[in-house]
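Novice: prediction below, plus the sequence it came from.
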Amino acid sequence: MISNRRTGRRALSAVALAGAGILTLAACSGGDDGDADPTASGDTGSEEPAGTTSEEFTYLGQTQNTTIAATLESLEVGACSAAADGTPLSTDAIDGTTWDQQLQVLAGNDALSNMSMAAGTPSLMKEFVDAGLVLNLSEAFAELGVEGAVLPAAEATLKQLHQTDDLYALPTEYNIEGFWFNETLFDEAGVDVPSTWTELVDVAATLNDAGIQPFIAAGSDGWPVTRLVGNHIFRSLGADALQQVADGAASLTDPEYVESADAISALGDAGYFGAAPGSVDYNTAMNQFLTGGGAMFYMGSWALGNFNDPEQNQIGAENIGYFPFPEVEGGAGSIDETPANAGIPVMFSASHYTDDIGEWLACIAENYGDVALAESGQVTGFSLSETPADQSELTTMVQDQIANAAGSVLWFEAAFSAEGTTVSQTNGGGLANGSLSGAEFMELVQAANG
């Protein structure tokens, strides 16, 4: 049994002193869930550091997200009541804007909660894994007899993200990404769903000529635009193209990489993102799509909550279609490789793992996905035991896409440094309005990555 291991103490000082990669999870989950406390101080609100007691099952999350804690609370009084008997749930939250920095402090004091949101920066999560701070869930699942509780696509995405051979985080969300489109506007312009990049550009031109804005993007946030750059690279150069950059085997300024950034800049130069995409934020972009202000919206499936809300969705869920990022003709990548992310993964402390915590872990693995879907409409990376009777067709489509995905790719900045990510997303809007060429953009990001 993996109980009461204290291996998390080694290399703690190195982790605690590592430079903080302060990345929120917004770029993976599209923003908060509407319950954020903007005045949060970052204090955990207790005298004892989170995770130090063996009499409770402690969870630490971000104030910007309440869904995970709410799901755990439902499990405590429902499917996991047996685990909670004698080991009750205790949840806490701190401000997410300094999440990685505060995790490092907790790790340095051997005070990580039993369960907490994982590090937002993949490289920091890998440091935690290498330091023995994080529970090996592949081993734990085997001992608990819950192998297969995580969908293969989600497990592969997390292993790829953290550069590990085993699973060290759980997917409380699992999001596919792609183009959502307004079927009515496509019909009005007489265009079909594109499957190649050339077809996509032709569709955009036809829509534009018909007076319909082809693409909607939150240029002020940057990442909805840089996602397009990354996906074009994956389709053109293959699924490992950006890892080669991270490994130093290639550079973003290499001509074949610049070509992908140029392809997105060309869309912006043609005005296909609208008049001022750099001033459009996430919520504005979402509202623009759901009120018929544009034809195509590249976004993750976390947006299902918005799409399925009739108060927000003025075009109707029945008029929203989906297609994957298209193939680049002659490219090394495949349209079957689905851009995906695990949204907000959670990790378990290795040093505070006990048999009682293992009982909680097994119950979460087997029941979290069902409860999150039923109560929050949240698609997770967990296997499901049942499907809600009133589930929307869009949600079912996403689940089918996840189940049938032949492979997955990450996002543009997944393997970048914190500085590289900031520079990339800060300048993404420049591609959408055509003020930055692909070469200029790539030079900025490559320099920031070091």
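Specialist: All right, it came through fine. Numbers count the residues shown, from 1 in each chain.
Novice: hang on, isn't Asn182 packed against Thr291?
Specialist: No. Between Asn182 and Thr291 no contact is recorded; they are 10.2 Å apart, counting by Cβ atoms under 8 Å. (C-beta placed from N, C-alpha, C; glycine too.)
Novice: tell me, what's touching these two both at once?
Specialist: Counting by Cβ atoms under 8 Å, 6 or more residues apart in numbering, the contacts common to Asn182 and Thr291 are Ile315.
Novice: looking at those two, which one has more neighbours?
Specialist: More neighbours sit around Asn182 than around the other of Asn182 and Thr291, counting by other Cβ atoms under 10 Å; the figures are 24 against 12.
Novice: so in terms of bridging, what pairs with that one?
Specialist: Each beta-bridge partner of Asn182 is listed here: Ile320, as defined by DSSP bridges.
Novice: need the contact list for it.
Specialist: Applying Cβ under 8 Å, 6+ apart, we find Asn182 in contact with Phe289, Gly292, Gly294, Ala295, Met296, Ile315, Asn319, Ile320.
Novice: same check on Leu252?
Specialist: Val245, Val258, Ala261, Met442, Glu443, Val445, Gln446, Asn449.
Novice: what do you get for Ala169?
Specialist: Residues in contact with Ala169 (Cβ under 8 Å, 6+ apart) are Ala118, Met125, Val134, Leu137, Leu158, His162, Ala342, Pro345, Val346, Met347.
Novice: in those residues, find the pair that's most separated.
Specialist: Taking Cβ to Cβ as the measure, those reach their widest spread between Val134 and Ala342, a distance of 14.6 Å.
Novice: in which helix or strand would I find the closest residue to Ser251 other than its chain neighbours?
Specialist: With Cβ to Cβ, 6 or more residues apart in numbering as the measure, Gln446 is the residue that lies nearest to Ser251, at 5.7 Å, once sequence neighbours are left out. Element membership of Gln446, judged by DSSP states H and E, is helix 438-449.
Novice: what comes up buried for that helix?
Specialist: The neighbour-count criterion (16 or more other Cβ atoms under 10 Å) identifies Gly438, Ala439, Glu440, Phe441, Met442, Glu443, Leu444, Val445, Gln446, Ala448, Asn449 as the buried residues of helix 438-449.
Novice: ditto for stretch 396-414
Specialist: Of the residues in stretch 396-414, 397-399, 401-402, 405, 408-414 count as buried by neighbour count, 16+ other Cβ under 10 Å.
Novice: hang on, the earlier thing: from the contacts of Ala169, which single one is nearest Gln391?
Specialist: Using Cβ to Cβ, Ala342 comes nearest to Gln391 of these, at 21.2 Å.
Novice: what's around the closest one, how many residues?
Specialist: By other Cβ under 10 Å, the burial measure for Ala342, its neighbour count, is 30.
Novice: circling back: does the residue nearest to Ser251 touch Ala250 like I think?
Specialist: No. Using Cβ under 8 Å, Gln446 is not in contact with Ala250; the gap is 10.2 Å.
Novice: which outside residues touch the helix or strand containing Lys159?
Specialist: Mapping Lys159 onto the secondary structure by DSSP H and E places it in helix 152-162. The contact list for helix 152-162 (Cβ under 8 Å, 6+ apart) reads 122, 125-126, 129, 165-169, 171, 174, 338, 340-342, 345, 380-382, 402-403, 405, 407-408, 410, 414.
Novice: of the residues you listed, which belong to helices?
Specialist: Taking DSSP state H, the ones among these that sit in helices are Pro122, Met125, Lys126, Val129, Ile402, Ala403.
Novice: got the domain boundaries for the chain?
Specialist: According to the domain assignment given by automatic domain parsing, the chain is divided into the following structural domains: 7-168+343-380, 176-340+411-449.
Novice: could I get those as JSON lines with distance to Gln391?
Specialist: As requested, the domains of the chain are exported to JSON lines (distance: least, Cβ to Cβ, whole Å):
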{"stretch": "domain 7-168+343-380", "distance to Gln391": "8"}
{"stretch": "domain 176-340+411-449", "distance to Gln391": "9"}
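Novice: export the ones you listed to TSV and tack on mean pLDDT?
Specialist: Supplementary listing: those in TSV, determined by pLDDT from 0 to 100:
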stretch	mean pLDDT
domain 7-168+343-380	81
domain 176-340+411-449	96
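Novice: count residues in the vicinity of Ser251, would you?
Specialist: The number of residues packed around Ser251, counting by other Cβ under 10 Å, is 14.
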